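>>> Provided below for reference: sequence and predicted model.
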Amino acid sequence: MSILQSLIKKEALHVFRDRRTMVITLLMPVLLLLLFGFAISTEVNNVNVVAVVDRHTDETREIIERFSVNPYITFKGVTDNSNADNLLRTGTTDAVVVLKTSNGRLSTQIIVDASNTTVAQASTAYIRGIISGSDMMSPVLTQTLYNPQLKSAYNFVPGIMGMIFILICAIMTSVSIVSEKENGTMDLLLVSPVRPGTVILVKLIPYFILSCTILAVMLIISYTVLELPLSSSIINVILLSIIYIILSLSIGLLVSTVVDTQLTALIVSAVVFMLPVIMLSGMIFPIDNMPVVLQWLSCIIPARWYTAAMRKLMIQQLEINYVLQEISILLSMTGLLLLFALKKFNTRK
Amino acid sequence: MENNNPAISVRDLTKKFGNFTAVDHISFDVGKGEIFGFLGANGAGKTTAMRMLCGLSFPTSGQGQVAGYDIVSQSEDIKRHIGYMSQKFSLYGELTVIENLRLFSSIYGMNRQSFRHASSRLLEELEMTDMQNALVKDIPVGWKQKLAFLSATIHSPEIVFLDEPTGGVDPVTRRKFWELIYKASSDGMTVFVTTHYLDEAEYCNRVSIMVDGHINALDAPAALKQRYNVSSMDEVFRIVAKDSTRSD
Amino acid sequence: MNKAIEISEVSKSYGYIHALDRVNFTVEQGELFGLIGPDGAGKSSLYRIIATLSAPDSGTATVNGMDVVRDYRKLRKRIGYMPEKFSLYQDMTVAENMAFFSSLFGVSAKENYDLIAPIFSQLEKFPDRMAGALSGGMKQKLALSCALIHRPEVLLLDEPTTGVDAVSRSEFWDMLATLREKGITILVSTSYMDEATRCERIAMINNGRILAVDTPSALINRLDENLYNAVATDMFGLLSRLRSNPDVIDCYTFGATLHVVGNDNFSAGQVEEALKKTGMEDVRIYHATGTIEDLFIKQIRDGK
């Protein structure tokens, strides 16, 4: 058996023998995807709406008709002003549409339960769309492209993938390398004739394969269960993800060269890389709404560029030349990180 | 040395892990103020036996009293009346000398006043008053060892358990440490000590040698040497431990 | 022929700590050489340098004529290193560990089997046991087998006997003697002074400095001191009384007796008589043969 083969076999043994970690690693992405895709829903789905109408006209009847047939809205009926407030308070309804007709002109008001702001914003926009569908006088016409029901899965899939790969690649790689340092086995590898570069490469390969498996699983779930639109852009999606996986592996490698215990590796990877990914990548909070300083800061978060590019590729189905900026940024980040990590690893203390 | 109430009294103490009998019906007494050497080959069951005596693990069968408390039903009382020092875990390097002592004294439930009293007396005795505010990681190994012993005995326990307290320590420091043990013993403290240095076995009042879970020899060093007709404890140990069948 | 190991003026600091301070010694081809000193003396730092894992701040170290910094790649095939801590893969079996380490060096476990056979034979009974589940002595044998599998010219053993009982330690030294007969140069470190006599030559090290290098018997001969044994029932009382005697340079416990280092005025007979008069009737003071441990204590005393 060649040195490379036996090194890879050994690495595979470590990964497979650690069943618990293995199961968590494979299950976590699936669970996270399904959790964000369905349970933690920010999309307009089953929004309860009541209407308050002071005078029924053809116009109001038409609007109410549209509400009742819309599949994403549950129209609970018409009520009066005083009761509407009560229904909102008790949570029986999520939104109240007030339709007033004075001098033959219809004015509308939308009252929303904003205890969940994201849902409130989304449903307001959607309700406005339904109303304006009839209101020819309305000066603004909103048309939501690519994701007309504002399905949250569309939004979250790129973000979750950005997070998962950092988690698997950065944390698991750094912990696995550092555990060899802690056990003293790294010294034995280094005093053998195997080149340090080979040792490192081989530590990265199993996690690269693992990440590719996870990528496949996540894409399958996204395109089937979560019903993301499938098109030829999937090749670009895979390409982009592989670049990002390599980048995350380099982060893990860099972490492992600067810390000495598994615990520190875990904490550093989690605090320095996980939190910014969640907070600053645009996964949850839109980057455009952040203070300028945080916007600058988000530029150095790889997940920001990955998420942005993935949205363009997966959801907007754009051609690859629309994400060239993101790809080149990610590539140069990878190069820089790898350079640092290998340089640090080779120095003898 | 022994009186009517031994500090440790053990009868048929046994501990099984599945089919494996780590400690097999051991019986012995340790008198008050005695220095008792607990020797044995690796894997003979010393650590398991010691854990039972310290109330950290329950015996499968047999009985025993430590400091007058039952090792099964009163293990929490035992913990309050013993001190424990091991080579592996002893002190917090990021705390100062006095902070370490304060920590251990509070673990053992000492109040502030008796701590202040005990610590200033002991630090003076060990000539460590000057370095009480130094970080433990910065002090020389010999002092660390003294301090670890001090931490284990600050609450004046009746018995102190020392698990390989002198491993890897230079010969001068090792001897100074044994003088500490002598001092504690002459003040009435019972000392239960394990070691791989067989010259240290000579310093004990009595020595037991464990082989494969049994105590195969138990007597004063001089008597053991006489019985096996050899001149050192090293030779006694070789003769007694030679029959070990456990793969080690 | 080149020296097996040549250390010259090697210094190494970690921050403010001088781990090694201008260390010099040479190990001849095929020698069983001991590095004797307590924990923290600098033994492991020196091993890391010789094993090509770390570079000295100043000075040079060569193994079989090859520089540990410049020629480290060539050297790595020729040395076998067993670190202080058990450093094998605990989640891999005995057989897997062996196979892995032999493939690292591009050899098959079979071709050098004759070398490891005496050590490995006991482990062969359970090739599928996880290394982590082995007993201490067995782990040590596996680690030694893995360090030997590529038939190194120089074997570096860092504290192989720490925490091991006296009988197993003795067996381990027997194994080293066998390996030495096969022509392998062995550098072994220990904190047990009594193991020094199992080496052909030793270097005594403390606080990063080499105190002395020679054969154990020559070193003991250097101990040109008035060394006596002293015994009495009340050893602790005897110790403090002897220490207060102005003619006693040092007095310390030594197994069943006390060792007394006297100055030129010290007379064993007179001191014994004087002690008997003060009530220590069973005191006996008689001539003692020095050991490496006595020498170590003397070196530390003189160093102060």
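Arrived safely.
>>> for residue 51, grab phi and psi.
No chain specified, so I'll use chain A. phi -120, psi 140 (degrees, to the nearest 10).
>>> show me what contacts it?
Neighbouring residues of residue A:51 by Cβ atoms under 8 Å, 6 or more residues apart in numbering or on different chains: A:60, A:63, A:64, A:67, A:75, A:77, A:78, A:79, A:96, A:97, A:98, A:99. (Each C-beta comes from the backbone N, C-alpha and C, glycine too.)
>>> how about the fourth one, nearest residue that isn't a chain neighbour?
Taking Cβ to Cβ, 6 or more residues apart in numbering or on different chains as the measure, residue A:67 lies nearest to residue A:75, with 4.3 Å between them; neighbours along the chain are not counted.
>>> which SSE is that neighbour in?
Taking DSSP states H and E as the definition, residue A:75 sits inside strand A:73-79.
>>> using CSV, list the CA coordinates for that strand.
Provided in CSV are the C-alpha atoms of strand A:73-79 (Å, rounded to 0.1, in the frame of the first residue of the first chain):
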residue,chain,number,x,y,z
ILE,A,73,-54.4,33.3,2.7
THR,A,74,-57.1,32.0,4.9
PHE,A,75,-59.9,34.5,4.7
LYS,A,76,-61.8,34.5,8.0
GLY,A,77,-64.7,36.7,6.9
VAL,A,78,-65.9,40.3,7.4
THR,A,79,-66.3,41.8,10.8
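>>> helices and strands around whichever helix or strand comes after that strand, which ones?
Reading on from strand A:73-79 to the C-terminus, the next helix or strand found by DSSP H and E is helix A:81-90. If you count contacts as 3 or more Cβ pairs under 8 Å, 6 or more residues apart in numbering or on different chains; DSSP states H and E, helix A:81-90 packs onto strand A:47-53, strand A:95-102.
>>> if you set the cut-off to 7 Å instead, what comes out?
On a contact count with 3 or more Cβ pairs under 7 Å, 6 or more residues apart in numbering or on different chains; DSSP states H and E, helix A:81-90 meets strand A:47-53.
>>> what angle sits between the strand it packs on and strand A:73-79?
Strand A:47-53 and strand A:73-79 are oriented at 30 degrees to each other (axes from the mean of the first three to the mean of the last three Cα atoms, to 10 degrees).
>>> any idea of the mean pLDDT for the helix or strand following strand A:47-53?
Note on strand A:47-53: by DSSP H and E, the next helix or strand toward the C-terminus is helix A:58-69. The average pLDDT for helix A:58-69 rounds to 84.
>>> so residue C:202, which of the three states?
Three-state assignment for residue C:202 (DSSP: H, G, I helix; E, B strand; the rest coil): strand.
>>> most surrounded residue in the contacts of residue A:51?
Taking other Cβ atoms under 10 Å in any protein chain shown as the neighbour criterion, residue A:97 ranks highest of these with 26 neighbours.
>>> how near is that residue to residue A:128?
Distance of residue A:97 to residue A:128, given as Cβ to Cβ, to the nearest Å: 10 Å.
>>> returning to that earlier point: which one of the contacts of residue A:51 is nearest to residue C:131?
Using Cβ to Cβ, residue A:75 is the member of the contacts of residue A:51 that lies nearest residue C:131, at 68.2 Å.
>>> about what we covered before: which one of the contacts of residue A:51 sits closest to chain B?
Nearest to chain B among the contacts of residue A:51: residue A:96, at 60.5 Å, using Cβ to the nearest Cβ.
>>> ok, whichever residue of the stretch 51-200 of chain A sits closest to chain B - contacts?
For the stretch 51-200 of chain A and chain B, the shortest gap (Cβ to the nearest Cβ) falls at residue A:182, measuring 15.7 Å. Taking Cβ atoms under 7 Å, 6 or more residues apart in numbering or on different chains, we find residue A:182 in contact with A:261, A:262.
>>> now do the SS call for it.
With three-state DSSP as the basis, residue A:182 sits in helix.
>>> what about the residue nearest to the spatial centre of chain C, distance to residue C:275?
Taking Cα atoms, centre = their mean, the centroid of chain C lies closest to residue C:190, which sits 2.6 Å from it. As judged by Cβ to Cβ, residue C:190 and residue C:275 stand 37 Å apart.
>>> ditto for residue C:65
Note on residue C:65: its distance to residue C:275, by Cβ to Cβ, is 59 Å.
>>> residue A:17 now?
The gap separating residue A:17 from residue C:275 is 66 Å, by Cβ to Cβ.
>>> these two: who's more crowded?
Per other Cβ under 10 Å, whichever of residue A:17 and residue C:275 has more neighbours is residue C:275, with 22 against 13.
>>> and that one, what is it in contact with?
Contacts of residue C:275 (Cβ under 7 Å, 6+ apart): C:241, C:283.
>>> mind checking the SS state of it?
helix.
>>> picking up where we left off before, who's the residue nearest to residue A:67 bridged to?
With beta bridges defined as DSSP bridges, residue A:75 has these partners: residue A:49.
>>> just list the residues touching it, thanks.
With Cβ under 7 Å, 6+ apart, residue A:75 has these contacts: A:49, A:67, A:68.
>>> the last one and residue A:120, how far apart?
If I follow you right, that is residue A:68. Residue A:68 is 22 Å from residue A:120, by Cβ to Cβ.
>>> now residue 252: closest residue in space that isn't a chain neighbour?
You didn't say which chain, so I picked chain A. That would be residue A:173: by Cβ to Cβ, 6+ apart, it lies 3.1 Å from residue A:252.
>>> that's the wrong chain, I wanted chain C
Spatial nearest neighbour of residue C:252, excluding adjacent residues (Cβ to Cβ, 6+ apart): residue B:175 at 4.9 Å.
>>> I'd assumed residue C:253 was in contact with the one you found.
Yes. Counting by Cβ atoms under 7 Å, residue C:253 is a contact partner of residue B:175 at 5.4 Å.
>>> could you list the low-pLDDT ranges of chain B?
Across chain B, the ranges flagged by pLDDT under 70 are B:1-4, B:88-89, B:246-248.
>>> within range of chain C, give me the residues from it.
For chain B, the contact set with chain C under Cβ under 7 Å from any Cβ of the partner chain comprises B:41-43, B:141, B:167-172, B:175, B:178, B:182, B:186, B:196, B:198-199, B:202-203, B:221, B:232, B:234, B:237-238, B:241-242, B:247-248.
>>> which residues touch residue 215?
By default, I'm working from chain A. residue A:241.
>>> meant chain C actually
Contacts here follow Cβ under 7 Å, 6+ apart; on that basis residue C:215 touches C:200, C:201.
>>> gap between it and residue C:116?
Taking Cβ to Cβ as the measure, residue C:215 falls 29 Å from residue C:116.
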